[in-house]
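[1] return atomic coordinates for the entry below.
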Amino acid sequence: MGENQTSITEFLLLGFPLGPRIQVFLSGLFSLFYVLTLLGNGVILGLISLDSRLHTPMYFFLSHLAVVDIAYACNTVPQMLVNLLDPAKPISFAGCMMQTFLFLSFAHTECLLLVVMSYDRYVAICHPLRYSVIMTWRVCITLTVTAWILGVFLALVHLVLLLPLPFCGPQKVNHFFCEIIAVLKLACADTHINEAMVLAGAVSVLVGPFSSIVISYIHILCAILKIQSGQGRQKAFSTCSSHLCVVGLFYGTAIIMYVGPQYGNPKEQEKYLLLFHSLFNPMLNPLIYSLRNREVKGALMKMFKKERTS
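    Sure thing, here's the model as predicted:
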């Protein structure tokens, strides 16, 4: 194998096979979505830090979710915009590996944060009298740090298995960023172990956590149905509806991508599905929480009133 093969030092991201005019249009549209993502999640972070009424475990977890969403977008969108305007511009090998690692880190961390948030809602609704005793700040910080550490560690496992592989051409990645399955297809060696680890990792951080979220919400639903007053039921459900919407968007697209029957198939529709997962989800999350959450809307109105009076 090796003497006639030369290791490649950069990759070309094929992105979306569209005409030049459509690519320019998409670059402008995605730039707008990117700004909205940063602005929306930045506003959520600002409101949580400035409004003392939002200094609760639920919003502490939400602030970390906003950080992950900003990091998600910053990791993939700028390179995608560069490739839309200049398709021939390559990404370095080190840059590609780093992009893969960061994407997996943030994806794993968001999966685990959503589980932590569902546990928080479970305790709040099923054990309201013991909420302050169970969800102490020490517990909240421990759960959040654990989610981040596990997310980075799982991504590091994939990176350690990916780096020793020889890449000798072609250098064209059939994706808009260095997605791990698309990169593995360019390796000049057997990648069955890597692909098995990707599937195992997807099952462990998608199916397992999603199952625990479903179980939590079954208990939550049972507890809500036992509440006598309709107003009480509505208030209890409103505290969960935003989280349910985010869980549905995130896990729905992720499970179809990595655990569904079309796993590993680089069809164009899967690129758009992952685009939705990595760009539109982070943009929609702050909108979902601000539009469906009374406390966030109250904090936002309070901030606007302060601006007007000043």
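
[2] my read is that Leu45 contacts Asp69, right?
    No - using Cβ atoms under 8 Å, Leu45 makes no contact with Asp69, being 10.1 Å away. Yep, even glycine has a C-beta here, placed from its N, CA and C like the rest.

[3] okay, these two: which has more neighbours?
    Asp69 (25 against 17; other Cβ atoms under 10 Å).

[4] pLDDT value on that one, please?
    Turning to Asp69, the model gives it a pLDDT of 92.

[5] strands of the stretch 101-250 of the chain, start to end?
    Using DSSP state E, counting those that start in this stretch, the strands found in the stretch 101-250 of the chain span residues 172-173.

[6] pLDDT weak spots in the protein?
    Counting by pLDDT under 70, the chain has low-confidence residues at 1-7, 257-269, 291-295, 297-300, 303-310.

[7] could you pick out the longest helix of it?
    The longest helix of the chain (DSSP state H) is helix 93-126.

[8] show me what it is packed against.
    In this structure, helix 93-126 packs against strand 10-13, helix 57-85, helix 131-134, helix 137-162, helix 180-184, helix 208-225, helix 230-258, with contacts taken as 3 or more Cβ pairs under 8 Å, 6 or more residues apart in numbering; DSSP states H and E.

[9] out of those, which comes closest to Tyr119?
    Comparison of those against Tyr119 by Cβ to Cβ identifies helix 208-225 as nearest, at 6.3 Å.

[10] now what about that closest one, what contacts it?
    With contact meaning Cβ atoms under 8 Å, 6 or more residues apart in numbering, helix 208-225 is reached by 111-112, 114-115, 118-119, 121-122, 125-126, 233, 236-237, 240, 244, 247, 251, 255.

[11] list the buried residues for that helix?
    By 16 or more other Cβ atoms under 10 Å, the buried positions in helix 208-225 come out as Pro209, Phe210, Ile213, Ser216, Tyr217, Ile220, Ala223, Ile224.

[12] quick revisit: the helices and strands packed on helix 93-126: which one's closest to Ala196?
    helix 137-162 (10.0 Å).

[13] circling back to that earlier point, can you lay out the helices and strands packed on helix 93-126 as TSV showing distance to Leu287?
    Shown next, in TSV, are the helices and strands packed on helix 93-126 (distance: least, Cβ to Cβ, whole Å):
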stretch	distance to Leu287
strand 10-13	29
helix 57-85	11
helix 131-134	27
helix 137-162	23
helix 180-184	29
helix 208-225	21
helix 230-258	10
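
[14] for Phe33, which of those is the nearest?
    Between Phe33 and the helices and strands packed on helix 93-126, the shortest separation by Cβ to Cβ is 8.0 Å, and it involves helix 57-85.

[15] show me what that closest one is packed against.
    Judged by 3+ Cβ pairs under 8 Å, 6+ apart, helix 57-85 is in contact with strand 10-13, helix 20-50, helix 93-126, helix 137-162, helix 281-292.

[16] reformat the ones you listed as a markdown table; add distance to Ala200.
    Listed next are these as a markdown table, based on distance: least, Cβ to Cβ, whole Å:
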| stretch | distance to Ala200 |
| --- | --- |
| strand 10-13 | 25 |
| helix 20-50 | 30 |
| helix 93-126 | 13 |
| helix 137-162 | 10 |
| helix 281-292 | 23 |
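
[17] contacts for stretch 67-86?
    Contact with stretch 67-86 is made by 13, 15-16, 23-24, 26-27, 30-31, 33-34, 37-38, 41-42, 45, 89, 91, 99, 102-103, 106-107, 109-110, 113, 176-177, 278-279, 281-283, 285-286, as judged by Cβ under 8 Å, 6+ apart.
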